[in-house]
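Colleague: Any chance you could fold what I've pasted below:
(3 chains)
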Amino acid sequence: METAVDPQTLQAINVIESLKARYFRTLDTKDWSAFGTALADDVDVDATALGGDRVRGASNHVAALQTDYGDRVTVHHGHMPEIEVHTPAAATGVWALQDLLIWPDNIRGGGFGHYHETYTLDGDRWRISSTTLTRLYLDPTAAQRLFRSSQRYRWSIGRWAASFRRRRP
Amino acid sequence: METAVDPQTLQAINVIESLKARYFRTLDTKDWSAFGTALADDVDVDATALGGDRVRGASNHVAALQTDYGDRVTVHHGHMPEIEVHTPAAATGVWALQDLLIWPDNIRGGGFGHYHETYTLDGDRWRISSTTLTRLYLDPTAAQRLFRSSQRYRWSIGRWAASFRRRRP
Amino acid sequence: METAVDPQTLQAINVIESLKARYFRTLDTKDWSAFGTALADDVDVDATALGGDRVRGASNHVAALQTDYGDRVTVHHGHMPEIEVHTPAAATGVWALQDLLIWPDNIRGGGFGHYHETYTLDGDRWRISSTTLTRLYLDPTAAQRLFRSSQRYRWSIGRWAASFRRRRP
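Modeller: Numbers count the residues shown, from 1 in each chain, chains lettered A, B, ... in the order given. Next up, the predicted model:
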């Protein structure tokens, strides 16, 4: 982080930060076709560290989010990027995350964590090529709602809560 | 976003991001004279998409905010800027928004949305020349408080809630 | 802010923003050894404006945070940096702050404010050399918890609340 950064690298960092901003904006405004263009075709989205799924492929990821988020308000804010450009076509980044889900009955829930990502230059466009999610906290309301709505999440949240209890004696 | 960005453009993006940071900081610290310098004299602030007003002119905008916010704690955080510099003196930007109002009785309310803005170079200073607000969500507490405190907002929130119901079947 | 910014300065701004991102990430993930490397050895952390302590020295600051935060979830998000590089080895910055503490019984509390900081180039690494905290708001829950857990904070929060009442007639 402390080594010299040339203007081309600063440009790439700026483009990658805007790319992730577009990812979040189009996710929360449910602009699914624009959202898809932020992703590499073979994007690898790994939420297993918080008890979720690992989804490979842009179309699978978009389809999963449309199912999970289509009928509710979502807010995803990324903060404090740490982007490093390793080659002219490959970069990594860490973002702090705050997310919020609002169900139709106005119940709110969400949490905090980090995204650990890779980015790849595809022609003249940077795309998100992988995302690994980690959690600092998941709101009990969100956990409860997700718990009730899905057998998969019932298991997931149990696993997440157990790992959480281990970390907090 | 994927085209080459020269150092002058990166400088302008940096200055515009700092300008908006100063806008939010001076708004929330009620430093109204510094706040005013972030705005073009003929700034156009359009909150009609969420049922609010359209205010033209820096002095009118400052006066309206002093009335609405002067006696309460406000927190406005902008996130994930997408700034594009189109000419040496004209730029556009989108910011994700989180805001929070805290009334003297400690009731809290707020919401989430986006700012769609234009910026103009005025002499050697960039200024905000227009802002259009959109909402992802407005907290029911905030809606209720605004509803009770103003006939104008009574109508506004009703319109906002109706548009919201249309979007969320 | 409106004067010309050369590429070297843009590089320094990028590095300082990443430094602060690393500071927050390692704080909230309790990665204390990495956290310490973000700080100048003689860092000066001044929370007296909100009724807290003034701590000098990186090892003292790390020790205090380990005591205060070791057994709970913390989330610290910095927003909207205003970084100015004054010499090749000295910079200042202002960040908006949102923080959240989550106690083991799932009670949440936190607040909003600003960090006013200085940064110093130490060899080839930028470090945080001073931080002064100001508050827009501290959640009553957080205030209550801090109030109950510490005689020092009992006094602090009282002073903070009094200054708050003076500002909000």
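Colleague: rest of the way, CA atoms for contacts and neighbours
Modeller: Will do.
Colleague: Show me the shaky parts of chain A.
Modeller: Chain A contains residues with pLDDT under 70 at A:1-5, A:106, A:140-169.
Colleague: Quick test: name the residue nearest the centre of it.
Modeller: What sits nearest the mean C-alpha location of chain A, by Cα atoms, centre = their mean, is A:Tyr115, with 5.7 Å.
Colleague: Which positions within stretch A:98-108 qualify as buried?
Modeller: The neighbour-count check on stretch A:98-108 (16 or more other Cα atoms under 10 Å in any protein chain shown) flags A:98, A:100-103, A:108 as buried.
Colleague: Just the strands from chain A, written as ranges.
Modeller: A:39-46, A:54-56, A:73-87, A:90-102, A:108-122, A:125-138 (DSSP state E).
Colleague: Relative to chain B, which of these is closest?
Modeller: Closest to chain B of the strands of chain A, according to Cα to the nearest Cα: strand A:125-138, at 5.4 Å.
Colleague: which strands and helices sit next to that closest one?
Modeller: Helices and strands touching strand A:125-138, by 3 or more Cα pairs under 8 Å, 6 or more residues apart in numbering or on different chains; DSSP states H and E, are helix A:7-28, strand A:39-46, strand A:108-122, strand C:73-87.
Colleague: got the residues of chain A near chain B?
Modeller: Selection of chain A residues close to chain B by Cα under 8 Å from any Cα of the partner chain yields A:7, A:11, A:15, A:17-18, A:20-22, A:25, A:28-29, A:71-75, A:77-79, A:104, A:106, A:124-126.
Colleague: make it 7 Å
Modeller: A:7, A:11, A:15, A:18, A:21, A:71, A:73, A:77-78, A:124-125 (Cα under 7 Å from any Cα of the partner chain).
Colleague: ok, so of those residues, who is nearest chain C?
Modeller: Nearest to chain C, judged by Cα to the nearest Cα, of those is A:Pro7 at 6.6 Å.
Colleague: and that closest one, how many residues sit next to it?
Modeller: A:Pro7: 17 surrounding residues under other Cα atoms under 10 Å in any protein chain shown.
Colleague: how close does it get to A:Val85?
Modeller: 12 Å (Cα to Cα, to the nearest Å).
Colleague: and if you look at A:Gly78?
Modeller: As judged by Cα to Cα, A:Gly78 and A:Val85 stand 19 Å apart.
Colleague: Could you do A:Val75 as well?
Modeller: Per Cα to Cα, A:Val75 is found 28 Å from A:Val85.
Colleague: When the two are compared, which one has more neighbours?
Modeller: A:Val75 (24 against 20).
Colleague: tell me the contacts of that one?
Modeller: A:28, A:99-101 (Cα atoms under 7 Å, 6 or more residues apart in numbering or on different chains).
Colleague: Just give the closest residue to it, not the sequence neighbours.
Modeller: Nearest non-adjacent residue to A:Val75, counting by Cα to Cα, 6 or more residues apart in numbering or on different chains: A:Leu100, 5.1 Å away.
Colleague: Name whatever forms a beta bridge with that neighbour.
Modeller: Note on A:Leu100: beta-bridge partners by DSSP bridges are A:Val75, A:Gly110.
Colleague: I figured it hits A:Gly110, correct?
Modeller: Yes - look at A:Leu100 against A:Gly110 with Cα atoms under 7 Å: they come within range, at 4.2 Å.
Colleague: so how far is chain C from the residue nearest to A:Asp53 when sequence neighbours are not counted?
Modeller: Spatially, and ignoring its direct neighbours in sequence, A:Asp53 is nearest to A:Ala47 (5.3 Å; Cα to Cα, 6+ apart). Distance of A:Ala47 to chain C, given as Cα to the nearest Cα, to the nearest Å: 18 Å.
Colleague: Quick check: A:Ala91 touching A:Leu121?
Modeller: No - under the criterion of Cα under 7 Å, A:Ala91 makes no contact with A:Leu121, lying 8.7 Å away.
Colleague: between these two, which one's more packed in?
Modeller: Set A:Ala91 next to A:Leu121 and count neighbours by other Cα under 10 Å: A:Ala91 wins out with 22 against 19.
Colleague: Could you pull up the residues touching that one?
Modeller: Counting by Cα under 7 Å, 6+ apart, A:Ala91 touches A:84-85, A:118-120.
Colleague: Kindly report the same for A:Trp103.
Modeller: Taking Cα under 7 Å, 6+ apart, we find A:Trp103 in contact with A:72-73.
Colleague: Quick check: phi and psi on it?
Modeller: phi -80, psi 160 (degrees, to the nearest 10).
Colleague: Not counting sequence-adjacent ones, nearest residue to A:Pro104?
Modeller: Per Cα to Cα, 6+ apart, closest to A:Pro104 is A:Arg72, 6.2 Å.
Colleague: residue contacts, the one you found?
Modeller: A:Arg72 touches A:101-104, counting by Cα under 7 Å, 6+ apart.
Colleague: And A:Asp42, by the same measure?
Modeller: A:56-58, A:129.
Colleague: for the residues you listed, which one is nearest chain C?
Modeller: For the contacts of A:Asp42, the closest approach to chain C (Cα to the nearest Cα) belongs to A:Ser129, at 21.4 Å.
Colleague: Next, work out how far apart the closest one and A:Leu19 are.
Modeller: Counting by Cα to Cα, the separation of A:Ser129 from A:Leu19 is 12 Å.
Colleague: Run the chain-centre distance for stretch A:62-76.
Modeller: 12 Å (Cα atoms, centre = their mean, to the nearest Å).
Colleague: next one: stretch A:110-125
Modeller: Distance of stretch A:110-125 from its chain centroid, counting by Cα atoms, centre = their mean, is 7 Å.
Colleague: next one: stretch A:86-97
Modeller: Between the centre of stretch A:86-97 and the centre of its chain there are 14 Å (Cα atoms, centre = their mean).
Colleague: Give me the buried positions along that stretch.
Modeller: Neighbour-count burial for stretch A:86-97 [16+ other Cα under 10 Å]: A:90-97.
Colleague: Nice, that's everything, thank you.
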